[in-house]
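Trainee: my questions concern the predicted model and sequence given below.
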Amino acid sequence: MNFIEIISEKYATLSRSEKKVAQVIISEPQKAIHTSIAALAKQAGVSEPSVHRFCQKVNTKGFPDFKLRLAQSLGKGINASALEINENDSAESYTKKIFDASISTLSEAKKNMDVQVIQRCVDALSCARRITFCGLGNSAAVAHDMMNKFVRFNMPCNYFEDPIMMLMNASNCGIEDVFVMISKSGRTRGVVETAKLAQAHRATVIGITSNDTPLAENCNLVLSMKLPLETDIYMPISSRLAQLALADVLATGFILRKGPHFIERLRATAESIRENNLLVNTKPRAESKTQNTDKNEDKVASWPRRWRS
C-alpha cells in the first residue's frame with residue numbers, strides 16, 4: 001500500500017482542518033514534496049500546527065519525515081489519483097492511464113501474494129473430485145476463464161454466475177469438492193451464501209477476494225488481493241487482470257503438481273488442437289466450394305428420378 005492510500009484510509013479519522021491538508025496533498029502529491037509547511041498551510045487554509053498534527057496522524061514524526069515518506073512512495077509506484085479518467089481526457093491520455101493502472105495493479109497484487117497459501121490452494125485443487133468456479137458481475141468472466149483452463153486438464157469442473165445455480169450445486173457437494181469463489185468486494189450475497197453452504201457440506205472453499213470480508217470469513221483458504229477501488233467512469237478492468245493472472249498461477253501450479261506425464265499429455269493435446277486449426281484455416285475457399293458442389297451433385301444423382309425435377 002503506497003502512502004497516498006494510507007492517507008485515504010485515515011481520512012475519516014482526521015479533523016476538519018486535517019482533512020483540508022489531506023485533500024491538497026492527494027490532489028497534488030508531487031507539488032507537496034517540494035513545498036514548505038507554511039506554503040502548504042496557506043494553500044489548505046489552515047494553521048501550521050494543523051499541518052504538523054496531520055503529519056503525526058499519518059504515522060510520521062513531522063513535516064520533513066512526511067515529505068520523505070511521500071517522495072519514497074511516489075518514487076516506487078504510480079500515483080493513483082493521477083490515473084482517474086476525466087471527461088476531457090484525450091485518446092492518448094486515457095490509453096496511458098488505463099495501461100498504467102493495469103501495470104500498477106498487477107505489481108501491487110504480486111507484492112501481496114502469499115506463496116504458502118497459493119501452494120495449499122494448488123494442493124486442494126489437485127486432490128479435488130470436482131471443481132466449481134463461482135462469480136457474479138465482472139468476476140463471472142474470471143470464473144468462466146478458470147473453468148476453460150481446467151477443462152483442458154480433463155478435470156471435472158463447472159462454473160456458475162447465477163446465485164440460484166450456485167446454491168443448488170453447493171447443496172449437492174461433498175468433502176471431495178472444491179469451490180473457488182471470486183469476488184473483489186467479498187460482500188456479494190449470492191457468493192457469500194454459496195460459500196457458507198459449501199462449507200456446511202464439508203467442501204473446501206477457496207476465496208479470491210479481500211481479507212476481513214464476509215466471503216473471506218466463510219472460506220477455508222483466502223487468496224487476498226489488496227486492490228485499489230475503481231471508479232464508475234469507465235469499466236473496471238484492473239482488478240480483473242489481477243484475478244486472471246492469479247488464475248494462471250493456480251493453473252500452472254496444478255499442471256506442475258501433476259508431474260511430467262501429465263505435462264506430456266497436455267502438450268500432445270495442445271499440438272492436436274493446433275494441427276486441427278491449421279487444417280481448417282489453410283483450406284482454400286474455392287476448393288471447399290467445389291467439393292461441396294460435387295457432393296451435392298452426387299447426392300442428387302442417388303435420388304429416385306421423380307425427386308430430381
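Mentor: Nice, I can see it.
Trainee: okay, CA-based contacts and neighbour counts for the rest of this
Mentor: Fine.
Trainee: so which residues of the protein form strands?
Mentor: Ranges of strands in the chain, per DSSP state E, are 130-135, 157-160, 177-182, 204-209, 221-224.
Trainee: pipe those into CSV and attach mean pLDDT and distance to Met147 per row.
Mentor: Output for those, formatted as CSV (pLDDT from 0 to 100; distance: least, CA to CA, whole Å):
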stretch, mean pLDDT, distance to Met147
strand 130-135, 96, 7
strand 157-160, 94, 6
strand 177-182, 97, 10
strand 204-209, 95, 14
strand 221-224, 92, 18
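Trainee: need those in CSV (columns: distance to Met113 and mean neighbour count).
Mentor: Formatted as CSV, those follow (distance: least, CA to CA, whole Å; neighbours: other CA atoms under 10 Å):
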stretch, distance to Met113, mean neighbour count
strand 130-135, 20, 24
strand 157-160, 24, 20
strand 177-182, 16, 27
strand 204-209, 11, 26
strand 221-224, 7, 21
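Trainee: show me the residue sitting in the middle of the protein in space.
Mentor: Gln243 (2.5 Å; CA atoms, centre = their mean).
Trainee: that residue touches Val142, doesn't it?
Mentor: Yes - using CA atoms under 8 Å, Gln243 is in contact with Val142, at 6.8 Å.
Trainee: where exactly do the helices run in the stretch 101-250 of the chain?
Mentor: 115-126, 138-151, 163-171, 189-200, 214-217, 238-258 (DSSP state H, counting those that start in this stretch).
Trainee: export those helices to TSV and tack on distance to Thr105 and mean pLDDT?
Mentor: TSV is the format used below for the helices of the stretch 101-250 of the chain (distance: least, CA to CA, whole Å; pLDDT from 0 to 100):
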stretch	distance to Thr105	mean pLDDT
helix 115-126	18	95
helix 138-151	16	93
helix 163-171	28	96
helix 189-200	24	96
helix 214-217	21	92
helix 238-258	6	90
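Trainee: indicate which one of those is closest to Ala270.
Mentor: Smallest distance to Ala270 across those (CA to CA): 12.1 Å, for helix 138-151.
Trainee: how far off centre is the closest one?
Mentor: Averaged C-alpha coordinates place helix 138-151 at 11 Å from its chain's average position (CA atoms, centre = their mean, to the nearest Å).
Trainee: for it, packing partners?
Mentor: Helices and strands touching helix 138-151, by 3 or more CA pairs under 8 Å, 6 or more residues apart in numbering; DSSP states H and E, are strand 130-135, strand 157-160, strand 177-182, helix 238-258.
Trainee: if you set the cut-off to 6 Å instead, what comes out?
Mentor: Packing partners of helix 138-151 (3 or more CA pairs under 6 Å, 6 or more residues apart in numbering; DSSP states H and E): strand 130-135.
Trainee: can I get the strand it packs on in PDB, CA atoms only?
Mentor: Presented in PDB, the C-alpha positions along strand 130-135 are these (Å, rounded to 0.1, in the frame of the first residue of the first chain):
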ATOM      1  CA  ARG A 130     -14.800 -31.800  -8.900                       C
ATOM      2  CA  ILE A 131     -14.100 -28.000  -9.000                       C
ATOM      3  CA  THR A 132     -16.800 -25.400  -9.100                       C
ATOM      4  CA  PHE A 133     -15.900 -21.800 -10.100                       C
ATOM      5  CA  CYS A 134     -18.400 -19.000  -9.000                       C
ATOM      6  CA  GLY A 135     -18.500 -15.300  -9.600                       C
END
